[in-house]
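[1] Kindly generate the corresponding structure for this input.
(one chain, ligands or ions: 1)
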Amino acid sequence: FPTGEAAQRAFASDTPRKDARVLILGGGMAGITAARTLHDQGIDEFIIVEARHELGGRMMSQHLRRTWAAVHCRGRRELGARHAKTWRCCESGMDVWTEHTVWGHTTKLTESASVAMYDETGPVDFSDVFNQSVEDFDRLIASAGERVPKGLVDASARTGYSLTGARPHTHHEMASEYFQNNNSTFTGFSEDNLLSVDQRGFKTILHSEAEAFLSPEQLRFNSTVSRIRYSANGVEVALDDGRELTADYAICTFSLGVLQHSSVAFEPQLPMWKREAIHSMTMGVYTKLFLQFPHKFWFDTEAALYADRERGRYPIWQSLDHPKFLPGSGILFGTVTGAFSRRIESLPRRQVLDEILSVLASMFPNITIPEPLDFHFHPWSADPLFRGSYANWPPSFLPEHHANLRADLDGKVWFAGEYTSRLYFGYLQGAYFEGRDIAVEVAECIRGGGCLGLEHVEQVKNANPY
Ligand SMILES: Cc1cc2nc3c(=O)[nH]c(=O)nc-3n(C[C@H](O)[C@H](O)[C@H](O)COP(=O)(O)OP(=O)(O)OC[C@H]3O[C@@H](n4cnc5c(N)ncnc54)[C@H](O)[C@@H]3O)c2cc1C
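    Residues are numbered from 1 along each chain as shown. All right, here's what the predicted structure looks like:
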């Protein structure tokens, strides 16, 4: 693959037949939705370039090592996205996510109040502390909302909690605070939270969608992009096995974490405004710890909260062996996030499992915890194709940064993914809407109806020097 200025000139001067009009880089929710949108607009000269062997991206699931019962076909663990909000809006296909509707996919409504409570002494009822924490969280959200019309600067949740007088001290208070969660994806769609229990995996929504309009020649699996070269003449994409693909446009749907790690080189180098935006947003880590036991020995609620002395140490547990979900499966899964996720990724698996088994032994002091049949978690922050679980908007990140994150490069390279969604970053909805909206922009360019591109801010300013 030629490099340097000479290659740049050569690329710009000759216009051999290109491989496609559009290269869609990445086959997750954003990539598939972009492809679907182009197809709906009558544009089928696109190729989806995906490093993995299948579509779905962070909608990733695997078979359990030990199938749980012949009658139940195959057990699957959803390593990535599993929950979907009911989508109240829109017309057809993926726009309507209600119980049982999307491509015959099976989901179950979850009940957020169905929570058992534990600490290192075993079962303990700290629901008074928990209820106070719900109130504190509501006050936090309300006070954040009051800042917006006044144009006050953004602040962290910790600052907001302190200003509203809430500061957790005990481990029960810290665990209760950890459990609280809300954002515009919750309020923008529906309060309902659906859990995918479909044994084909949550990703089948995307697979079914793709089968409906994609042909094999529009797909390149096992194709890892290492370089994207762009000029007024189009884009050249180099794969790590030496292959090249050319097109008029590229829609890059790699995660924010991938862009932050610079594992894909851009030529010319990304402009400063783009790099600043990429490195100013944060990539969070959220890890699910799957355990399959020979039999169920735990709570009958849907979830449990464990208050450890250390905040964030194996705090949330969800039972799939529940009459509503996968009864008889013996599956329990825990959640850890952030620095704790990174910590366990660096440890030997057996050590992580031993820690978990000792936590379960504390939660259930009168039970001999059996050795699990299967234990697995995905190292999201170390995985070079993701480098984290989903994007998070830190207080230092300004709306202008976000516009720059989303903005295209000379109308040729476009960016779409959960992280480019201003309202629904982090979620499938964000990836869906961004894949759709950016493909509409690209379709406009292809049809020659004016390719204005998205505006960026050359220098983001708000400093007040002294
Ligand atoms: C553990 C976990 C739980 C989650 N739970 C939920 C949930 O319950 N509900 C929800 O709405 N969202 C959830 N999410 C977030 C959701 O999964 C993402 O927001 C969404 O899947 C992102 O889609 P995307 O298309 O933007 O990116 P991705 O799915 O990351 O797609 C990008 C694609 O690019 C490919 N790629 C990367 N680098 C290269 C390269 N160099 N060359 C070629 N291909 C490359 C990747 O393999 C991937 O397929 C969760 C995520 C995680 C990790």
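[2] drop to CA atoms for contacts and neighbour counts, all remaining ones
    Noted.
[3] Near S346, how many other residues are there?
    For S346, the number of neighbouring residues by other CA atoms under 10 Å comes to 11.
[4] What distance do you get for it to P379?
    9 Å (CA to CA, to the nearest Å).
[5] With E217 instead?
    Taking CA to CA, one finds E217 at 32 Å from P379.
[6] Name the nearest residue to E217, ignoring sequence neighbours.
    With CA to CA, 6 or more residues apart in numbering as the measure, I47 is the residue that lies nearest to E217, at 7.6 Å, once sequence neighbours are left out.
[7] Tell me how far the one you found lies from F221.
    According to CA to CA, I47 stands 10 Å off from F221.
[8] Can you pick out the residue with more neighbours from these two?
    Using other CA under 10 Å as the criterion, I47 and F221 rank with I47 on top: 24 against 17.
[9] Let's verify the more buried one: helix, strand, or coil?
    For I47, the secondary-structure state derived from DSSP: H, G, I helix; E, B strand; the rest coil is strand.
[10] can I assume P372 is in contact with F290?
    No. Taking CA atoms under 8 Å as the definition, P372 is not a contact partner of F290, at 9.8 Å.
[11] the more surrounded of those two?
    More crowded of P372 and F290, by other CA under 10 Å: F290, with 23 against 16.
[12] Give me the mean pLDDT for whichever helix or strand the more buried one is part of.
    Element membership for F290, per DSSP states H and E: strand 286-292. When pLDDT is averaged over strand 286-292, the result is 95.
[13] In PDB, list the C-alpha atoms belonging to it.
    C-alpha atoms of strand 286-292 as PDB (Å, rounded to 0.1, in the frame of the first residue of the first chain):
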ATOM      1  CA  TYR A 286     -19.300  -2.400  31.500                       C
ATOM      2  CA  THR A 287     -18.800  -6.100  31.900                       C
ATOM      3  CA  LYS A 288     -21.200  -9.000  32.400                       C
ATOM      4  CA  LEU A 289     -19.900 -12.000  34.400                       C
ATOM      5  CA  PHE A 290     -21.700 -15.100  33.300                       C
ATOM      6  CA  LEU A 291     -21.900 -18.100  35.600                       C
ATOM      7  CA  GLN A 292     -23.800 -21.300  34.900                       C
END
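[14] Longest helix in this protein, please.
    Secondary structure assigned by DSSP state H gives helix 127-147 as the longest helix of the chain.
[15] so what secondary structure elements neighbour the helix or strand that it is followed by?
    Downstream of helix 127-147, the first helix or strand assigned by DSSP H and E is helix 157-163. In terms of contacts (3 or more CA pairs under 8 Å, 6 or more residues apart in numbering; DSSP states H and E), helix 157-163 is packed against helix 127-147.
[16] can you give me the strands in the stretch 151-300 of the chain?
    Assigned strands in the stretch 151-300 of the chain, in chain order: 193-196, 219-220, 225-231, 234-239, 244-252, 265-267, 282-284, 286-292 (criterion: DSSP state E, counting those that start in this stretch).
[17] Redo those strands as JSON lines? Include distance to K274.
    Formatted as JSON lines, the strands of the stretch 151-300 of the chain follow (distance: least, CA to CA, whole Å):
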{"stretch": "strand 193-196", "distance to K274": "35"}
{"stretch": "strand 219-220", "distance to K274": "28"}
{"stretch": "strand 225-231", "distance to K274": "15"}
{"stretch": "strand 234-239", "distance to K274": "18"}
{"stretch": "strand 244-252", "distance to K274": "14"}
{"stretch": "strand 265-267", "distance to K274": "11"}
{"stretch": "strand 282-284", "distance to K274": "14"}
{"stretch": "strand 286-292", "distance to K274": "26"}
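[18] Which one of these lies nearest to the ligand?
    With distances scored as CA to the nearest ligand atom, the stretch of the strands of the stretch 151-300 of the chain nearest to the ligand is strand 225-231 (3.8 Å).
[19] List, one by one, the residues from the stretch 251-400 of the chain near the ligand.
    By CA under 6 Å from any ligand atom, the part of the stretch 251-400 of the chain that sits against the ligand consists of T253, F254, S255, V264, Y286, T287, K288, L385, F386, S389, Y390.
[20] Which one (most neighbours) among the residues you listed?
    Neighbours here are counted as other CA under 10 Å. On that basis the top member of those is T253, with 29 neighbours.
[21] ok, it to L385 distance?
    When distances are taken as CA to CA, T253 and L385 turn out to be 11 Å apart.
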